[in-house]
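**Student:** Take a look and give me a structure for this.
(chains A, B, C and D)
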2 protein chains.
Amino acid sequence: MTKRTNDNGTERITMTDIAKMAGVSVATVSRVINDSPGVSDENRKRISKLIEELGYQPNFTARNLVRQSTRTIAVINMQTLGQLHAQPASGRMLQGIESVLTSNGYRCTILSRDEFAQDMSELRLIKGGSVDGILLNGAKLNDPLALELTQRNFPFVIIGRAIGLVNSHYVDIDNVFGAYSAVESLVRLGHRRIAHVCGSQQTNLGVERLEGYRRALLEAGLAYNESLVIDAGLTRKEVYTSVRRFFENIAQEERPTAVFTFNDFFAIPVIRALLDLGLQVPRDVSVIGFDDDEASQYLNPPLASVRAPISEMGMKAAEMLLKLIQGKQIDSRQVILQTRVIERDSLGSPSPPA
Amino acid sequence: MTKRTNDNGTERITMTDIAKMAGVSVATVSRVINDSPGVSDENRKRISKLIEELGYQPNFTARNLVRQSTRTIAVINMQTLGQLHAQPASGRMLQGIESVLTSNGYRCTILSRDEFAQDMSELRLIKGGSVDGILLNGAKLNDPLALELTQRNFPFVIIGRAIGLVNSHYVDIDNVFGAYSAVESLVRLGHRRIAHVCGSQQTNLGVERLEGYRRALLEAGLAYNESLVIDAGLTRKEVYTSVRRFFENIAQEERPTAVFTFNDFFAIPVIRALLDLGLQVPRDVSVIGFDDDEASQYLNPPLASVRAPISEMGMKAAEMLLKLIQGKQIDSRQVILQTRVIERDSLGSPSPPA
DNA sequence: CTGAAAGCGCTAACAC
DNA sequence: GTGTTAGCGCTTTCAG
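**Tutor:** Numbering: from 1, shown residues only, chains lettered A, B, ... in the order given. All right, here's what the predicted structure looks like:
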């Protein structure tokens, strides 16, 4: 590409052009663009008008270079893009993040963690100065990337908890309590054999919700029985298959009368599997999910769930990150948002034994 | 921020540093970084090693400035971020886009069209040189933004058709045919009164699918009856309310025995509304959607739909845009992807009149 | 209040 | 092969 020219051959207008036309120096133009003081009213007005008329827009990259910032942040996910975008909950998160970023003049770019690269390729982002901050959507135990970012003192906020990292900034929902209360509401309905279709135990999310399940059982005086925990995989297909197999192979008197699923995303194939085996929901098996996806209330039967303020979580995380970047005061490095059980028709009392 | 320094006070390592340490000029270092010829093997090896050891990463912004490119593209949507991210189909699109962009060293940033700004604020993106190309997710009739981009000869690809724009680059699915075949399959089952819960008539998508519905009816010798077209709004809540009201207020003998919904996203509250009125699906009313969201097969009843290769559409659009930017040959400026009806249990023959 | 000039970190002529 | 140098378009001292 020729310098100072677009593909179509039209000159791209620069600050120098404006300066020449206004008969001032670039410094003055720069001052009015940045609302800096030290420009006569007359000049300011004239230059502003010129800018307006010509539709001049300061070059993003040049500004970034001298400012040493790009006004873009990266959202780094544990899941692949396919997994990420398949989940309604991710959409809510991204929506929260993007809304506060764009309204603050920032942009974001969505990346997924490359599990195959050993070298933490994500670090190139910060070494190359191409992002001003990072939102870590999910973290592992003693997450090496989080550790590295901490050591480099690079601005980042974890969405989800950072187990093994002291003093890191994060915002999370109370997953343990959320799961606990879901199971507790099943217990209250009289259920004694409660299964859990758990999330990936490689993630805090999966671990925490399982923990909440376990605690609720113990507190209710019910044994925690590992054989009632179905570790089904990541996709709906896998969940369908595992759950179907599980219920096919269990003796009727052992059969759980309720299942708490890792999230609503999983609850859909779980219910399908039950129905396909001729089991009714909630007559034979009650089901409760997590997240309270927008669709859940419209499902058949309407799905009980743990309502989680996911988009708020994204917003809070983005706000915190922005403060971090701008060196502003942060009230609390850790934010935990609360959840609440929403009871719907997928819930019932267990039928008395036939 | 002090120059050449990070927040934490550590120097940020630059090409000049590498050059000094290697005892060569920056030009040489630049050459090895860019795999340009004209460097002795010995130097190349030594410099590479140094870069490796120091974990040097060329500054993204500086490169962008001199190259006059940012390696980022914008995805501009018609919907708000909330609407966008709520839809499984959008997730599939984004996944397709992001996967080809990132694998080509590009990034993307998701924006939504500001319907309140008259000045086409999106143009600032290109005036400020902050994106290399644009993916227009959806376009209006004679879309002013698309027109402007065309005039400026700025690289862009429309996802969806560009009515009123000759020779624009776009990739789309065959919505008219998709809708046609959905309705046609209802007709084949014996349905005569078929309703359509349509999408926004401000979008091509909504218009085209309605058109397909209309054509199928006409071709089947059935009258196109506007009162059977339910323009329900954008949210599931609105759809639920409208559809419920519609079926509540219609005489039984006038009641549609089938409904074709704009997409699967809408089909969920439609089915809920029917069930809440005591109507069975498909016994009383058959339902067919569009998109074939991943969840649809697991719904109760499993939802018939028109399968659309949405993630492929995103990929194709991204690939086309990249070619456009890189000045490569493009086989065809317009790509239309085909759809296919997937029949599931939400479909049945109309019950014989009681 | 204004302008000259020194960069930001890199690429790419152009000379040697 | 290698180095020198002139920018890319902007911000920001520092003089005046």
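**Student:** Make sure residue A:162 is actually in contact with residue A:150.
**Tutor:** No: using Cβ atoms under 8 Å, residue A:162 is not in contact with residue A:150; the gap is 9.3 Å. C-beta: built from backbone N, CA, C; applies to glycine.
**Student:** joint contacts of the two?
**Tutor:** residue A:168 (Cβ atoms under 8 Å, 6 or more residues apart in numbering or on different chains).
**Student:** Next, count neighbours for the nearest residue to residue A:250 once chain neighbours are set aside.
**Tutor:** Leaving aside its sequence neighbours, residue A:250 sits nearest to residue A:256 (Cβ to Cβ, 6 or more residues apart in numbering or on different chains; 7.9 Å). Using other Cβ atoms under 10 Å in any protein chain shown, residue A:256 is surrounded by 23 other residues.
**Student:** and residue A:256, what does it touch?
**Tutor:** When contacts are taken as Cβ under 8 Å, 6+ apart, residue A:256 is in contact with A:191, A:193, A:194, A:195, A:228, A:250, A:285.
**Student:** ok, 6 Å please
**Tutor:** A:193, A:194, A:195 (Cβ atoms under 6 Å, 6 or more residues apart in numbering or on different chains).
**Student:** quick one on the thing from earlier: name the residue in residue A:162 and residue A:150 with the higher neighbour count.
**Tutor:** residue A:162 (26 against 17).
**Student:** Please tell me how far that one sits from DNA strand C.
**Tutor:** Using Cβ to the nearest atom of the strand, to the nearest Å, residue A:162 is found at 30 Å from DNA strand C.
**Student:** Now that residue. Nearest residue, chain neighbours left out?
**Tutor:** residue A:168 (4.4 Å).
**Student:** three-state assignment of that neighbour?
**Tutor:** Taking DSSP: H, G, I helix; E, B strand; the rest coil as the rule, one finds residue A:168 in the coil state.
**Student:** Could you pull up the contacting residues of the most centrally placed residue in chain A?
**Tutor:** Most central in chain A under Cα atoms, centre = their mean is residue A:93, positioned 4.2 Å from the mean C-alpha point. Residues in contact with residue A:93 (Cβ under 6 Å, 6+ apart) are A:310, A:314.
**Student:** any idea which element it lies in?
**Tutor:** helix A:88-103 (DSSP states H and E).
**Student:** Whatever helix or strand comes next after that helix: partners in the sheet, and parallel or antiparallel?
**Tutor:** The helix or strand immediately downstream of helix A:88-103 is strand A:107-112, counting by DSSP H and E. Strand A:107-112 pairs in its sheet with strand A:72-77 (parallel), by DSSP bridges.
**Student:** Which secondary structure elements does the helix or strand following the partner strand sit against?
**Tutor:** Toward the C-terminus, strand A:72-77 is succeeded by helix A:81-86 as the next helix or strand (DSSP H and E). Using 3 or more Cβ pairs under 6 Å, 6 or more residues apart in numbering or on different chains; DSSP states H and E, the elements in contact with helix A:81-86 are helix B:88-103.
**Student:** For DNA strand D, what's its nearest residue on the stretch 251-354 of chain A.
**Tutor:** For the stretch 251-354 of chain A, the residue closest to DNA strand D is residue A:326, as judged by Cβ to the nearest atom of the strand, at 13.7 Å.
**Student:** remind me which residues of chain A are low pLDDT?
**Tutor:** Residue ranges of chain A with pLDDT under 70: A:1-11, A:115-119, A:353-354.
**Student:** Walk me through the domains of it.
**Tutor:** Segmentation of chain A into domains, based on automatic domain parsing, reads A:15-56, A:70-173+A:311-338, A:175-308.
**Student:** Could I get the ones you listed in a markdown table, plus columns for distance to residue A:349?
**Tutor:** Shown next, in a markdown table, are the domains of chain A (distance: least, Cβ to Cβ, whole Å):
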| stretch | distance to residue A:349 |
| --- | --- |
| domain A:15-56 | 65 |
| domain A:70-173+A:311-338 | 27 |
| domain A:175-308 | 5 |
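**Student:** The residue in the stretch 251-354 of chain A that DNA strand C sits nearest to - how many residues pack around it?
**Tutor:** In the stretch 251-354 of chain A, the residue that lies nearest DNA strand C is residue A:325 (17.5 Å; Cβ to the nearest atom of the strand). Using other Cβ under 10 Å, residue A:325 has 19 other residues around it.
**Student:** how about it, what does it touch?
**Tutor:** Counted by Cβ under 6 Å, 6+ apart, residue A:325 has contacts A:132, A:133, A:155.
**Student:** Around chain B, pick out the residues from chain A.
**Tutor:** A:1, A:7-8, A:57, A:59-62, A:64-65, A:68, A:81-82, A:85, A:91, A:94-95, A:98-99, A:107, A:109, A:124, A:127-130, A:153, A:268-269, A:272, A:275, A:295, A:298, A:300 (Cβ under 6 Å from any Cβ of the partner chain).
**Student:** on that earlier part again, could you point out which of the domains of chain A sits nearest residue B:320?
**Tutor:** domain A:70-173+A:311-338 (19.4 Å; Cβ to Cβ).
**Student:** what's the span of that closest one, first residue to last?
**Tutor:** Criterion Cα to Cα, to the nearest Å; first-to-last residue distance in domain A:70-173+A:311-338 is 34 Å.
**Student:** how much distance is there from that domain to the middle of the chain?
**Tutor:** 8 Å (Cα atoms, centre = their mean, to the nearest Å).
**Student:** Is the residue nearest to residue A:250 located within a strand, as I assumed?
**Tutor:** No: counting by three-state DSSP, residue A:256 is not part of a strand but coil.
**Student:** what's the spacing between it and residue A:179?
**Tutor:** Residue A:256 sits 16 Å away from residue A:179, going by Cβ to Cβ, to the nearest Å.
**Student:** before we move on, what about residue A:266?
**Tutor:** Distance from residue A:266 to residue A:179, counting by Cβ to Cβ: 13 Å.
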